[in-house]
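Student: Sequence first, predicted model second:
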Amino acid sequence: MDVVLILDDVSSIFGQMTSVTAMRGFHNANNDILRDFIKASKKVIALDAELTDRDVQVIKELQDDAHVIYNIFKPQQGHRVSFYENEAYL
């Protein structure tokens, strides 16, 4: 499949997919479908602010060429922000 699969908040997705109560009887079928999508996709982009080693392991088991990129950018660090009540205080 010539598809790029994007999984945003992948930890939550995996958590929901492994929850029997959330899947209401479709647990195995839904897991099979997600696994098949991941395996068949040309690329998988899994995004998460709290990505776990287990999440990475699951992706690596299903995709031959997996890479982890850590975003260490911290926005607005080292900048001073001032708030003024109105324009006259400037």
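Tutor: Good, I have the coordinates.
Student: which residues of the chain fall in helices?
Tutor: For the chain, the helices defined by DSSP state H cover 10-17, 20-23, 27-40, 53-62.
Student: Where does the prediction get shaky in the protein?
Tutor: Within the chain, the segments meeting pLDDT under 70 span 1.
Student: give the contact list for the residue nearest the centre of it.
Tutor: Central residue of the chain (C-alpha atoms, centre = their mean): Leu47, 2.7 Å from the mean position. By C-beta atoms under 8 Å, 6 or more residues apart in numbering, Leu47 lies in contact with Ile6, Leu7, Asp8, Asp9, Val10. Any C-beta I mention is one placed from the backbone N, CA and C, and that applies to glycine too.
Student: quick revisit: can you list the helices of the chain in CSV and add distance to Glu87?
Tutor: Formatted as CSV, the helices of the chain follow (distance: least, C-beta to C-beta, whole Å):
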stretch, distance to Glu87
helix 10-17, 43
helix 20-23, 51
helix 27-40, 53
helix 53-62, 48
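Student: which residues does the residue nearest to the centre of the chain bridge with?
Tutor: Asp8 (DSSP bridges).
Student: For Val3, give me the backbone phi and psi.
Tutor: When read as degrees, to the nearest 10, the backbone of Val3 gives phi -130, psi 140.
Student: Make sure it is actually in contact with Lys42.
Tutor: Yes. Using C-beta atoms under 8 Å, Val3 makes contact with Lys42 at a distance of 5.9 Å.
Student: Relative to Ile59, how far out is the closest residue to Val4 other than its chain neighbours?
Tutor: Excluding the flanking residues, the one nearest Val4 by C-beta to C-beta, 6 or more residues apart in numbering is Lys43, at 4.6 Å. From Lys43 across to Ile59, the span is 11 Å (C-beta to C-beta, to the nearest Å).
Student: Neighbour count for these two, which is higher?
Tutor: Ile59 (20 against 12; other C-beta atoms under 10 Å).
Student: residues contacting the more buried one?
Tutor: Val10, Ile38, Val44, Ala46, Ala66.
Student: Name only those of these that count as buried.
Tutor: Buried by 16 or more other C-beta atoms under 10 Å: Val10, Ile38, Val44, Ala46, out of these.
Student: Put together JSON lines for those residues, with distance to Lys74 on each row.
Tutor: What follows is those, written out as JSON lines (distance: C-beta to C-beta, whole Å):
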{"residue": "Val10", "distance to Lys74": "22"}
{"residue": "Ile38", "distance to Lys74": "30"}
{"residue": "Val44", "distance to Lys74": "26"}
{"residue": "Ala46", "distance to Lys74": "21"}
